[in-house]
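In: fold the following for me, if possible:
(chains A and B)
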Amino acid sequence: MSWDDHYPSRTQRLIATMPLLTRGWWYVLLLVFSLSTAMATHSDTDVLIVSSADSPVYQSVISSLRTHLASPCTGNEINCTLPMIKEAKLSNWSESIIGMHPNGVVITLGREAAKQVALSEKKIPHVINALIPKAAVDQLNLNISANRNTAIYLDQPIRRQLHLAAIANPGDRVGILLGPTTQQLKPLIAQEAIRLGIKINYQNILKGETIGPLLKDLLGGSDILLALPDPLIYSRKNIFNILLSSYHSKVPVIGFSATYVKAGAIAAVYSSPDDIGHHLADTINTMYQEGIEPTLHSHLSEHPKYFSVDVNKMVSRSLGINLPSNKEIIKILSVKGEIK
Amino acid sequence: MKIINTSWLEAARLPTLAAALLFATISHASEDNNFSESLFFGELPVVLSATRLSQPLKDTPASITVIDREMIEASGAVQLVDLLRLVPGFQVAYYTGTKYSATYHGHADQYSRDMQVLINGRSIYDPAFGGVTWGDQELEIDDIDRIEVIRGPNAAAYGSNSFAGVINIISIHPSQQQGSHLNVVAGKGANDQVSARYADSVGDLDYRVSLRYSEDSGFDTRHDSAQLRRLSFRGDYQIDPSNALQMEFGFSNNDYQDGFSGNIFQPLRSTPQEHSFQHFRWEHNSGVGSEYLLQFYHNQQIVTDSFTNSGLGFSAGSGFSSDRYDLEFQHTYGLTEKHRLVWGAGARRDETSSIWTFGSTDKIERDQLRAFFNMEWNPSDQMMVNMGGMFEKFESKDGLFSPRLALNYHLDEENTLRLIATRGYRMPTLFEDNANLRLYYAGTTTPIPGQLLYYAAQDINPEIITAYEIGFLKNIPRYNLTFDARLYNETVTDIIHTKAISGVTEQYINSGKYTINGIDIGLDWKPSRQSLIHLGYSFAHDYGKQFKSTSPGYKLLNDQAPNQTVSLLGSYRFSSGTQLSGAYYYLSEIDWPGDGDNVPYSKRLDVKISQDFKASGMDGDVALIFQNINGRFQDFYTENYWNESIFLQARLNWH
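Out: Numbering: from 1, shown residues only, chains lettered A, B, ... in the order given. Sure, this is the predicted structure:
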């Protein structure tokens, strides 16, 4: 998978690559399919999706969610019951929108949507906060424990990220810059590092500190740099220093997003909007199969099940590091990198 | 001898302070405390673009030596040019204690005309007399990221004058230097430097300002002290994720002393030099393996050098001014998984003027247009083929095509065999093409009849080099070991040189040829993160001849390349932060062309001991550098004697 696979979604891309005539038929088919889905819908088991903004990222999640929700019904559209999906955007947000869905599930996409819905005074039986980093869920103090909210985090489990570092690592010393957001992960990182048999070098960055000298120290004792999402460290301001200093020290960087790989990280494991949509569809399908009663449904918040891997071939070639193909890496991570 | 003049420093301080204040008043964008999905999906600039990435050595269509930051630190070099001693087969000559020349296997005088030298892609070659005025270049050693040296011609990628080799100096991105930096070097005698740097970022602009002042007493046996003042700026502005603009400016104003006691054509005198440049580089990265580069630069060199001999009643000089304007477009494109194409076009104008050397105050101009391409083709995992060439058209010259074909065959993961065939040209310098260096009546610009020293009477053609090389590269990443051997045959024809025509007059002509056969060996080994070993060895055998005068006729061109050149560098960093390093250089007897002399072999041993330290909000190191501790030797002129030098260096960084 390459980094530009995800915007727009695969379906849209597929349509876009079709000749115009065929494309017209495809839209007709899609319309028929959507209508049949709507007709099969049970009226009070609906899903409201609240996006933080109107951008292709959220649209991709929604379109992936729709595709994967419908997939168990393929070939059996008549007898299949699918929840009705409704979309709302923060740009035209009002409390009454929630009021119209007294029994349904509300999915929030992104930090702002999660925040807005959490502020709602209306009683919502179940909220799934998706496309949101774990630290943001903690920061917003979303009511996870009360069983009303669950979350599908955007960030990857530590084990999966460390495991990718181990795959790409020519040595066994992994360097990690910890900022205010990632500081709390230290015990977990230590525990996972023992399992994988790798050594971790940490460098703590405090707010207001220049990363230059600390990064230099860290690179001096590391074979690979693992970037964990922390807005204080991995900001636009620091990206040149981090990627250039690492490259010139011949230390590859493992990023946490497709854009980081494009910028110069050797590889990254991340969940694309498509992966998140897929995970959401699984969750919704399970809920609707088992019944939506919230008290019976204490889904734990979790890291994403589905993930993608990108490799920057130009960087790996320049550093002389041979990496397995994206598919092979995903396979290795899927076997050993179970969610934690 | 010292020249004390601090007015320039005072003058330079004002604009720097003004710049610092200007940047300080623009407030920094606040850090995003609201951690959201935008960190994962927000667009980022392509930092490691194709132009910033080095091609892996096993696939490069040339023999390349990389002098990285660790080697620079270990070398103890206090002059940039000394770093080139580490390159196998390279010679560095101090033709005065403060003016330098660097060449690859000899065949160059104080103006190393056969070497292309670039700083961040800007050619610093002087179009008037050729070579590089190393001391005038506005770049501090502490601001260098690495130096990549290509041994052998590479006109296909770097154009004419990429003849004997190409020196590619790449400076550090300012984002890696945030904070203030002070470097003070105090040497035995009068050899002192102080340089300061400030680097920061404002929004999407990363910038640095570097400033230096130095005094150097030169050789004890020469009238060659110097006082150097320079200022440079680099700004990297990320316009949006796909577009970046790099801006560089520099200015230096230097006083040199030169000459030999009792030499009427080289009297003891002062030769002030001024240099400045502006460089704009725009990079567009479309993100689909396609990159565009557009750059423009301008260099200006002004050398003030003339004298009057009242006793003999004449005035003469070699001062001049020169300008180079260059515009270049380049497109790098991955055609398929196995094909990558780099192509581009450029235009250049070189200008010079000097009453002393060109016989007129009129501007002499020469325009050049060029187009180039290189196709990298990877037919199988074992093979890499590079096919390229550059076509150049110089005003009033025939068009030239410099082709290159290189084949890299990977015997296995660690061993690569390299076969290269290439041809290149060296355009005559503006002086070689237009020389009119004569004596004038004292204090006037009226020529003395019959006193014409150098003259260009006919069209001078470029020198032609044809080179064949067999290279072997062994790279064992798990041991951090790289071994490279280059066995070469290079033939230069149509040599540009002077012949005596009558009385004192020498005229520029093309004649003769010389051949250099040799082998270079380079070994780099980093046994651990604390240690490094570098070895460079070169053996060269040269022979040839050129026409000098009707009698004795031909001059033999043997031994103008030193038989053997050796460099050895070793360093170890203790966990206490102490670093101990040593460098040894050997150069066998060499007959320097032009004004130079035949000087016996030389040995030089340098030792550096440094200690790192850290304090709250700052760090730094203190070093003792011993240069040439094994005693006296001669360099370039028999009058130039190297002695032991000791430097105390302190570098401080505030974050």
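In: all contacts plus neighbour counts: C-alpha atoms, from now on.
Out: OK.
In: tell me which parts of the stretch 201-340 of chain A are close to chain B?
Out: A:210, A:212-213, A:220-221, A:229-232, A:235-241, A:243-245, A:256-260, A:262-264, A:314-315, A:317-320 (CA under 8 Å from any CA of the partner chain).
In: now those: which count as buried?
Out: Burial by neighbour count, judged by 16 or more other CA atoms under 10 Å in any protein chain shown, picks out A:210, A:212-213, A:221, A:229-232, A:235-241, A:243-245, A:256-260, A:262-264, A:314-315, A:317-320 from these.
In: and the strands in the stretch 1-150 of chain A, which stretches?
Out: Here the stretch 1-150 of chain A has its strands, by DSSP state E, counting those that start in this stretch, at A:47-51, A:85-89, A:105-109, A:126-132, A:149-153.
In: which residues in the stretch 51-200 of chain A form helices?
Out: Secondary structure of the stretch 51-200 of chain A, counting by DSSP state H, counting those that start in this stretch: helices at A:56-70, A:95-99, A:111-119, A:134-140, A:158-168, A:186-196.
In: quick one: contacts of the second one?
Out: Outside of helix A:95-99, the residues within contact range by CA atoms under 8 Å, 6 or more residues apart in numbering or on different chains are A:88, A:120, A:122, A:124.
In: go again with 10 Å.
Out: Outside helix A:95-99, the residues within contact range by CA atoms under 10 Å, 6 or more residues apart in numbering or on different chains are A:48, A:50, A:87-88, A:104-106, A:116-117, A:119-124.
In: farthest pair within those residues?
Out: Distance extremes for these: the farthest pair is A:87 and A:121 at 19.6 Å, using CA to CA.
In: and the residue of chain A found nearest chain B, backbone torsions?
Out: Relative to chain B, the nearest point of chain A is residue A:263 (4.0 Å; CA to the nearest CA). Dihedral angles of residue A:263 (phi, psi; degrees, to the nearest 10) stand at phi -70, psi -30.
In: surely it and residue B:49 touch.
Out: Yes: at 7.9 Å, residue A:263 counts as touching residue B:49 under the criterion of CA atoms under 10 Å.
In: anything in contact with each of those two?
Out: Between them, residue A:263 and residue B:49 share these contacting residues under CA under 10 Å, 6+ apart: A:315, B:287.
In: still on that earlier bit, make CSV out of the strands of the stretch 1-150 of chain A and add mean neighbour count and mean pLDDT.
Out: As requested, the strands of the stretch 1-150 of chain A are exported to CSV (neighbours: other CA atoms under 10 Å in any protein chain shown; pLDDT from 0 to 100):
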stretch, mean neighbour count, mean pLDDT
strand A:47-51, 23, 91
strand A:85-89, 16, 86
strand A:105-109, 26, 91
strand A:126-132, 27, 91
strand A:149-153, 25, 88
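In: using CSV, please lay out those strands together with distance to residue B:317.
Out: Converted to CSV, these look like this (distance: least, CA to CA, whole Å):
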stretch, distance to residue B:317
strand A:47-51, 77
strand A:85-89, 78
strand A:105-109, 76
strand A:126-132, 73
strand A:149-153, 76
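In: wait, which of those strands is closest to residue B:194?
Out: Closest of those to residue B:194 is strand A:126-132, at 51.2 Å (criterion: CA to CA).
In: mind showing which ranges of the chain have poor pLDDT?
Out: Let's take chain A. A:1-45, A:77, A:99, A:101-103, A:143-147, A:291-300, A:336-340 (pLDDT under 70).
In: the intended chain is chain B.
Out: B:1-33.
In: contacts only, for residue 265.
Out: In the absence of a named chain, this looks at chain A. By CA under 10 Å, 6+ apart, the contact set of residue A:265 is A:225-227, A:242-243, A:246-247, A:252-259, A:310-312, A:315-316, B:46-48.
In: other chain: chain B
Out: Residue B:265 neighbours (CA under 10 Å, 6+ apart): B:259, B:307-309, B:315-317, B:439.
In: before we move on, what about residue B:603?
Out: Residue B:603 sits next to B:566-567, B:584-588, B:628-634 when contact means CA under 10 Å, 6+ apart.
In: rerun at 8 Å
Out: Counting by CA under 8 Å, 6+ apart, residue B:603 touches B:584-587, B:628, B:630, B:633.
In: what's the burial count for the residue of chain B found nearest chain A?
Out: Proximity of chain B to chain A (CA to the nearest CA) peaks at residue B:46, 4.0 Å away. By other CA atoms under 10 Å in any protein chain shown, the residues close to residue B:46 number 27.
In: also the one 4 residues further on?
Out: If you count neighbours by other CA under 10 Å, residue B:50 ends up with 18.
In: that one belongs to a strand, doesn't it?
Out: No: the assignment for residue B:50, made by DSSP: H, G, I helix; E, B strand; the rest coil, is coil rather than a strand.
In: so what's it up against?
Out: Shown in contact with residue B:50 (CA under 8 Å, 6+ apart): A:314, B:291, B:332.
In: which of those fall within strands?
Out: Members of those lying in strands (criterion: DSSP state E): B:291, B:332.
In: just name the closest of the contacts of residue B:50 to residue B:502, please.
Out: residue B:332 (53.3 Å).
In: the closest one - how many residues pack around it?
Out: For residue B:332, using other CA under 10 Å, the count is 21.
In: cool, and residue A:269?
Out: 27.
In: give the contact list for the residue most central in space within chain B.
Out: Centroid-nearest residue in chain B, with CA atoms, centre = their mean: residue B:117, separated by 4.0 Å. Going by CA under 8 Å, 6+ apart, residue B:117 touches B:123-125, B:132, B:166-169.
In: same thing with residue B:518?
Out: Counted by CA under 8 Å, 6+ apart, residue B:518 has contacts B:487-489, B:538-541.
In: got TSV for those residues, with secondary structure and distance to chain A too?
Out: Listed next are the contacts of residue B:518 as TSV, based on DSSP: H, G, I helix; E, B strand; the rest coil; distance: CA to the nearest CA, whole Å:
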residue	secondary structure	distance to chain A
B:487	strand	25
B:488	strand	26
B:489	strand	29
B:538	strand	27
B:539	strand	30
B:540	strand	32
B:541	strand	35
